[in-house]
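Engineer: Need a 3D model of the following:
(chains A and B)
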Amino acid sequence: MKTAVKKAVWRIAFALLIAAIAVFALAPVYWAVVTSLETGSDLFTVDYLPRGPVWSNYVAVFERQAFGRNILNSVLVAGGTVALSMAVALIAAYALSRIEFRGRLLLLFTVLSVSMFPQVAILSGLFELIATLGLYNSLPGLGLSYMIFTLPFMVWVLVAFMRELPREIEEAAIADGAGPWTIVTRIFLPLMMPAMATSGLLAFIIAWNEFLFALTFTLTNEARTVPVAIALITGASPYELPWGRIMAASVIVTAPVVLLALLFQRRIVAGLTAGAVRG
Amino acid sequence: MVTVAPYRATRALAARRRRTAWLFLLPMLAILAVVAGWPLFRTASFAFTDAFLPELDSARWVGFENFAFALKDPGWWRAVLNTFVFTALSVSLELVLGLVIALALNRRFRGRGPLRAIVLIPWAVPTVVSAQMWRWMYNDIYGVVNDLLLRLGLIDGPVAWLAGGETAMAAIVITDVWKATPFVALLLLAGLQTVPAQLYEAARVDGVGPVRTFLHITLPLLRPAIAVALIFRTLDALRVFDLVYVMTSNAWATATMSVYARQQLVDFQDVGYGSAISMLVFVVVGVVSVAYVAGLRPGFAVRQR
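Structural biologist: Numbering: from 1, shown residues only, chains lettered A, B, ... in the order given. Got it, this is the predicted structure:
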């Protein structure tokens, strides 16, 4: 009898804990959605359900500012950076994980430390570089600066995955006289596809979310990426922020990322723990 | 003769593979030299000059003047304090909450799959977006936080959370905890799943209670995962920029080291002093990482899958 009561109490407590975790994780997102569906004076009363949802904020995001352009910018910069990082990281990871040579550990360590760089530590030097190359306020300039975190991150994750593959898979190819390029593209590339997809997705999310460089190296709304656009949305006066519009923009850019994260849940967790990256 | 030929062949092969290695590393090294090495060197050089934007060329060498100024700059010291307060609070909360969530997710119960997915959502929300979302919830007049607390009778009147020094820091910490705890939880969950089930079985057979099982089996085996989570979260927290900048801009009470450095560099266009601050941030983060790695010896032992 006593154990039965104890068990029931324990089960209820556990259920409450689960509910609390779910509410804590979801409430802010729910609130953003509710806000994005309200306009005018409805915004200034706290309604826990949207009253008569209206879509005008979603329309205004694209009509009143260059938000479509901002999304395109983000896709181009993040996509371009990730594609280049992938190619460079794949061959670098092959060298670092499959070939014994002096200085390998030092290089791995360097790669890891670059990925832990405080971004602000290179801000002025990078600004000078980008300005000198004439890339200030441009997408290639941003893409260049993003290589500093996407590349070390992808190298690190791909090395972690490649190290796990057995020796034998190369040995036969080496015995047949296949060159390293053939080995990488014909043997490792197909095997690494899942790891490439995972690390590519994670790097894309990191680049998509980046704020400091995007804020510092762009000037006009046409060159801005999504996070900067959302941070700098202003209304008619600086004291009146258009919260409905801000939340609509937030929902628009968050939805695809959340969708991707949920679809590739298991992969992402594997990639995160392999690379143990920043969130 | 028969044995020497293959030996030579392997040696030649090994040498060829080493050359290949460097060839394959060349693109990465070139890119990192351009985007990381050179800018770091230039920032370090600027730190010893009086460079100002937009006339970077007219910079004069001033030695350690910028660093000497920083040592007496209350703004910089306040930023250091803010950063360390933020880091200590957010990282410890994230570890404790992350551990609780990981332990919960490690149990079998109905709805575990959906909960795992739900927990991942804050991680996927872009930092700037989470900052804006919480900023709106903290709004003094129309915010949902005040509304809830008023309804529950926990506060007498609306509070301007982001305007006060301490409440603003607390508000930012809570936002960071919301955003980063999933990462910690998933990392710790991966660690928990490596603990062999037989160990728990044996403990139960021996009549060891849940608390002692946790303290003597789970925690020690989870140590590597905790170390990795601690290192990555701390380094992230020490260089935090976007969350603080979006929620409270350059406000004195909450500005972190990265925010302060950028303010000098961009808002005041003081490239010399800003670069010196940047280098100080670099040194602080570097010292903390070395101390951590030396003290915790994480070995990056967390296994995936």
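
Engineer: residue boundaries of the helices in the stretch 101-250 of chain B?
Structural biologist: Secondary structure of the stretch 101-250 of chain B (DSSP state H, counting those that start in this stretch): helices at B:112-124, B:127-137, B:144-151, B:165-192, B:197-205, B:210-213, B:219-238, B:242-248.

Engineer: how far away is residue B:186 from chain A?
Structural biologist: Using Cβ to the nearest Cβ, to the nearest Å, residue B:186 is found at 5 Å from chain A. The way it works is simple: take the backbone N, C-alpha and C, and place the C-beta from them, glycine included.

Engineer: Pull the number of nearby residues for that residue.
Structural biologist: If you count neighbours by other Cβ atoms under 10 Å in any protein chain shown, residue B:186 ends up with 26.

Engineer: Is it correct that it is in contact with residue A:272?
Structural biologist: Yes. Residue B:186 is within contact range of residue A:272, at 6.1 Å (criterion: Cβ atoms under 8 Å).

Engineer: how near is the residue nearest to residue B:270 when sequence neighbours are not counted to residue B:46?
Structural biologist: Residue nearest to residue B:270 in three dimensions, not counting chain neighbours: residue B:264, with 5.0 Å by Cβ to Cβ, 6 or more residues apart in numbering or on different chains. Residue B:264 sits 11 Å away from residue B:46 when distances are taken as Cβ to Cβ, to the nearest Å.

Engineer: Taking the stretch 101-250 of chain A, what residue is nearest to chain B?
Structural biologist: Residue nearest to chain B within the stretch 101-250 of chain A: residue A:125 (3.2 Å; Cβ to the nearest Cβ).

Engineer: What strand or helix carries that residue?
Structural biologist: For residue A:125, the host element (DSSP states H and E) is helix A:123-132.

Engineer: Any buried residues in the helix or strand following that helix, and which?
Structural biologist: Following helix A:123-132 in sequence order, the next helix or strand is helix A:139-162 (DSSP H and E). By neighbour count on 16 or more other Cβ atoms under 10 Å in any protein chain shown, the buried set for helix A:139-162 is A:139, A:141-162.

Engineer: just these that are near chain B?
Structural biologist: A:144-145, A:147-148, A:151-152, A:155, A:160-161 (Cβ under 8 Å from any Cβ of the partner chain).

Engineer: For residue A:67, state which of the residues you listed is nearest.
Structural biologist: residue A:145 (22.5 Å; Cβ to Cβ).

Engineer: Just give the nearest non-adjacent residue to that closest one, would you?
Structural biologist: residue A:213 (4.6 Å).

Engineer: List the contacts of residue A:189.
Structural biologist: Contacts for residue A:189 (Cβ atoms under 8 Å, 6 or more residues apart in numbering or on different chains) come out as A:90, A:196.

Engineer: Make sure it is indeed in a helix.
Structural biologist: Yes. Under DSSP: H, G, I helix; E, B strand; the rest coil, residue A:189 falls within a helix.

Engineer: Against residue A:95, how distant is it?
Structural biologist: Residue A:189 is 15 Å from residue A:95, by Cβ to Cβ.

Engineer: And residue B:290, by the same measure?
Structural biologist: From residue B:290 to residue A:95 the distance is 27 Å (Cβ to Cβ).

Engineer: just residue B:53 next, same as before
Structural biologist: Relative to residue A:95, and taking Cβ to Cβ, residue B:53 is found at 40 Å.

Engineer: what do you get for residue A:88?
Structural biologist: 11 Å.

Engineer: Nearest to the spatial middle of chain A, which residue is it?
Structural biologist: Closest to where the C-alpha atoms of chain A average out (Cα atoms, centre = their mean) is residue A:205, at 1.5 Å.

Engineer: Need phi/psi at that one.
Structural biologist: Residue A:205 adopts backbone torsions of phi -60, psi -40, taken as degrees, to the nearest 10.

Engineer: who's in contact with residue A:45?
Structural biologist: Contact analysis of residue A:45 by Cβ under 8 Å, 6+ apart lists residue B:142.

Engineer: again, but for the one 10 residues further on
Structural biologist: With Cβ under 8 Å, 6+ apart as the criterion, the residues that contact residue A:55 are residue A:37.

Engineer: burial count for residue 214?
Structural biologist: Going with chain A. Residue A:214: 26 surrounding residues under other Cβ under 10 Å.

Engineer: um, chain B though
Structural biologist: Neighbour tally, residue B:214, other Cβ under 10 Å: 15.

Engineer: Repeat that for residue A:72.
Structural biologist: By other Cβ under 10 Å, neighbour count at residue A:72 equals 14.

Engineer: distance of it from chain B?
Structural biologist: For residue A:72, the distance to chain B - Cβ to the nearest Cβ - is 16 Å.

Engineer: Wait, a helix at that residue?
Structural biologist: Yes. Per three-state DSSP, residue A:72 lies within a helix segment.

Engineer: For it, report the pLDDT, please.
Structural biologist: In this model, residue A:72 is scored at 95, pLDDT.

Engineer: what does residue B:9 give?
Structural biologist: On the pLDDT scale, residue B:9 gets 73.

Engineer: coming back round to it: SS state for the residue nearest to residue B:270?
Structural biologist: Classified using three-state DSSP, residue B:264 is helix.

Engineer: Give the full set of residues in contact with residue 272.
Structural biologist: Using chain A. A:202, B:183, B:186-187.

Engineer: right idea, wrong chain: chain B
Structural biologist: B:46-52, B:59, B:62, B:66.

Engineer: okay but residue B:168 is in contact with residue B:161, surely?
Structural biologist: Yes. Using Cβ under 8 Å, residue B:168 is in contact with residue B:161, at 6.6 Å.

Engineer: neighbour-wise, which of the two wins?
Structural biologist: residue B:161 (23 against 20).

Engineer: count of residues packed around the residue nearest to residue B:270?
Structural biologist: So residue B:264, with other Cβ under 10 Å, has 24 neighbours.

Engineer: so what pLDDT did it get?
Structural biologist: So, for residue B:264, pLDDT stands at 94.

Engineer: Correct me if wrong: it contacts residue B:281.
Structural biologist: No. The pair residue B:264 / residue B:281 is not scored as a contact, 11.2 Å apart, by Cβ under 8 Å.

Engineer: what about the strand or helix carrying residue B:291, distance to the chain center?
Structural biologist: Residue B:291 is part of helix B:271-296 when elements are defined by DSSP H and E. Mean-position distance between helix B:271-296 and its chain equals 13 Å (Cα atoms, centre = their mean, to the nearest Å).

Engineer: repeat for stretch B:193-200
Structural biologist: Centroid separation between stretch B:193-200 and its chain, computed with Cα atoms, centre = their mean, is 29 Å.

Engineer: could you dump it to CSV, C-alpha only?
Structural biologist: Output of stretch B:193-200 as CSV, limited to C-alpha atoms (Å, rounded to 0.1, in the frame of the first residue of the first chain):
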residue,chain,number,x,y,z
GLN,B,193,23.4,6.4,-22.9
THR,B,194,27.0,5.1,-22.8
VAL,B,195,26.5,4.0,-19.1
PRO,B,196,26.0,0.2,-19.3
ALA,B,197,22.6,-0.9,-18.1
GLN,B,198,24.2,-3.8,-16.2
LEU,B,199,25.8,-1.3,-13.8
TYR,B,200,22.3,0.0,-12.8
